[in-house]
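>>> Predicted model, plus sequence, below.
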Amino acid sequence: MYEWLNDLCNNCKGARELIVGKRRIECSVCGSTGIENYSDRKRSKITGLSVETVRESGDLLKQIHEEIERAERRASATMSVKLG
Ligand SMILES: [Zn+2]
């Protein structure tokens, strides 16, 4: 949840570049994506959970997302059939 609410790069604030003096330089922290890259270590620091627990939770969240995507595809297919 924290990551979804704070998805912008903490260094460039999502701008993808930084202004240094009169020059614009690409943000090297996010690789100019503007998106924060959360590592398991960073997640551990934010949540206070061990890195191992963060990894296990990440695996479970991935499985949940996959199941939601499968259910969404089934629902979409059913709706297409019912609506013609
Ligand atoms: Zn950045």
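Received the coordinates, thanks. As the structure is a computational prediction, the values presented were derived from the model and not from experiment. Numbering: from 1, shown residues only.

>>> where do the helices sit along this structure?
Along the chain, counting by DSSP state H, helices occupy 2-5, 40-47, 51-83.

>>> Give me the pLDDT for residue 30.
We have a pLDDT of 94 for residue 30.

>>> That one is in contact with residue 13, isn't it?
No. With contacts counted by CB atoms under 8 Å, residue 30 stays clear of residue 13, the gap being 10.1 Å. (Each C-beta comes from the backbone N, C-alpha and C, glycine too.)

>>> Between the two, tell me which one has more neighbours.
residue 30 (19 against 12; other CB atoms under 10 Å).

>>> Who are the contact partners of that one?
Neighbouring residues of residue 30 by CB atoms under 8 Å, 6 or more residues apart in numbering: 9, 11-12, 16, 36-37.

>>> And these, which of them are buried?
For those, a burial check counting by 16 or more other CB atoms under 10 Å picks out 9, 12, 16, 36.

>>> so what's the closest residue to the last one other than its chain neighbours up against?
Put plainly, it is residue 36. Spatial nearest neighbour of residue 36, excluding adjacent residues (CB to CB, 6 or more residues apart in numbering): residue 9 at 5.1 Å. By CB under 8 Å, 6+ apart, the residues touching residue 9 are 16, 27, 29-30, 33-37.

>>> Identify all contacting residues around the helix or strand of the chain with the lowest mean pLDDT.
Each helix and strand of the chain was given a mean pLDDT (mean pLDDT, DSSP states H and E); the minimum falls on helix 2-5 at a mean of 81. Here helix 2-5 makes contact (CB under 8 Å, 6+ apart) with 36, 38, 43, 46-47.

>>> And the furthest pair within those residues?
Of all pairs drawn from the contacts of helix 2-5, the widest gap by CB to CB lies between 36 and 47 and measures 15.0 Å.

>>> Spell out which residues of this structure are next to the ion.
Taking CB under 5 Å from the ion as the contact definition, the chain meets the ion at 9, 11-12, 27, 29-30.

>>> Could you list the domains of this structure?
1-37, 40-79 (automatic domain parsing).

>>> where does this structure dip in pLDDT?
Within the chain, no stretch has pLDDT under 70.
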